Structures are given as C-alpha cells and as structure tokens.
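S.K.: Make a model of this:
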Amino acid sequence: MSSCFRLALPLVMAGLVVPVALQAAPSSLKIGDKPENFTLSAPDGKQHSLFLKEAPKATTVLFISARCPISNRYNGRMIEFAQQYGQKGVRFIALNANDPETMEDIDEHAKRIGYPFPVLRDVKNVVADKWGAQVTPEAFVLDQQGVLQYHGRIDDQLAERKVTSPDLKNALDAVLAGKKPETKATGCDIKRI
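M.R.: Below you'll find the model as predicted:
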C-alpha cells in the first residue's frame, strides 16, 4: 500500500482534502506558456495528440490515477465537466503518469468509470515532468491557441455537496471569456520512476 494511500485514506473517508508533500518536478509549465505537442497511447492502442488540426475553444488536460482515492472521488465531476463543457467546444483528455499503474489498470479503470474522454498513458512521466504535474487529480486548461491559462485543482472539497470554490468550472468559464484564474492542486502525489 502506498504511503499516500495509507496516510490519506482515513482523511478521505472523512471527506477532507488531504494535501501531500510535493516533490519538485524537473520543469514546470507556467501560465502563458505554450506546451510542446505530445502524442500518447490510450489502452485501445489509439494515439492521441495534444494539439489537433482544428483547435477546440479550450483543452482541459487532467492528470488522474486509477488507484488514488482522492482522484477517484472526482470521477463524477470530471465526467460532468467533460459533458457540460464538451457542448461548449472544450476538449478533455486525461493522462495517467503513475509508474505502478499498468495500461491494463488504466483500461479497466476507464471502462468501469465510463470517462467520455480518452485516458492516455504518460510513460516515464515525460509530460507530467515537463508540465510540473504533482498530484492526481490536477487540471491544466489551454486556450484555443494552445496557451496555458489555468493550472490547479478541480475544486476545494472531496465531498461534492460541500464545494465552495468550483475552481475548474470557474477556470473554464473564465478561459472561454478570455480571463486567467489559477489555484493549487491537491491530491495523491504522482509515483515517478
């Protein structure tokens, strides 16, 4: 059992957000930066790139985990946002950068949860390291030009009914309106190689 899971589970069960000590990532994407394009595989073998020929109004990249109890508490909200904002021209993709989680783990998890977006394997944490992703779940929102406008958490509470700061929703609304909010992400640390 991972130390994050052992330490976080009693607090997660109580509905509390559990911040973890963050390790420094080799580099970090900053607001206003345009990340390099990437192409990663989904469990079905399909390749997905960050940038498309026809740019969506915004792109949300979520770092998630099949095993993190905090990430899994947000599954319903991630699905809801993808469905709601997909209708407004926002594209969602998820990346799993956790070294211990296999492609089979990712496939089983994605099918069981029913994500309406692809879940891609970030082998050797390449994108997580370049972007500075530290926890799951963690959200990045790019505008139509592919420039990072938001990096942070989904919201401020594990228990959806207690949310007082819907950060990702606010960020998506702001990005679609040309504004640039930012908050910190909290969750289980990404298990790097």
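S.K.: lowest-pLDDT helix or strand in this structure?
M.R.: Using mean pLDDT, DSSP states H and E, helix 3-13 stands out as the lowest-scoring helix or strand of the chain, at a mean of 43.
S.K.: can you map out the strands along this protein?
M.R.: Remark: strands assigned in the chain by DSSP state E are 39-41, 47-49, 58-63, 90-96, 119-121, 135-136, 138-143, 148-152, 188-189.
S.K.: how long is stretch 151-162 from one end to the other?
M.R.: End-to-end distance of stretch 151-162 (CA to CA, to the nearest Å): 22 Å.
S.K.: try stretch 179-193
M.R.: Stretch 179-193 stretches 36 Å from its first residue to its last (CA to CA).
S.K.: Likewise for stretch 126-143?
M.R.: 22 Å.
S.K.: any weak-confidence spans in this structure?
M.R.: Residues of the chain meeting the criterion pLDDT under 70: 1-27, 182-184, 186.
S.K.: repeat that with 80
M.R.: Scanning the chain for pLDDT under 80 picks out the ranges 1-27, 180-187.
S.K.: returning to that earlier point: compare the strands of the chain and give me the one nearest Pro181.
M.R.: For the strands of the chain, the distance to Pro181 is smallest for strand 148-152, at 5.9 Å, taking CB to CB. C-beta coordinates here come from the backbone N, C-alpha and C atoms, glycine included.
S.K.: Give the pairing partners of the closest one; include direction for each.
M.R.: strand 138-143 (antiparallel) (DSSP bridges).
S.K.: quick one: contacts of the partner strand?
M.R.: For strand 138-143, the external contacting residues (CB atoms under 8 Å, 6 or more residues apart in numbering) are 29, 34-35, 50, 58-63, 131, 133, 148-154, 167-168, 171-172, 175, 185, 187.
S.K.: Going through those residues, which ones are buried?
M.R.: For the contacts of strand 138-143, a neighbour count by 16 or more other CB atoms under 10 Å gives the buried set as 29, 35, 50, 58-63, 131, 133, 148-154, 167-168, 171-172, 175, 185, 187.
S.K.: In contact with the nearest residue to Leu62 once chain neighbours are set aside, which residues?
M.R.: Excluding the flanking residues, the one nearest Leu62 by CB to CB, 6 or more residues apart in numbering is Ala94, at 4.5 Å. For Ala94, the contacting residues are 61-64, 78, 115, 117-120, by CB under 8 Å, 6+ apart.
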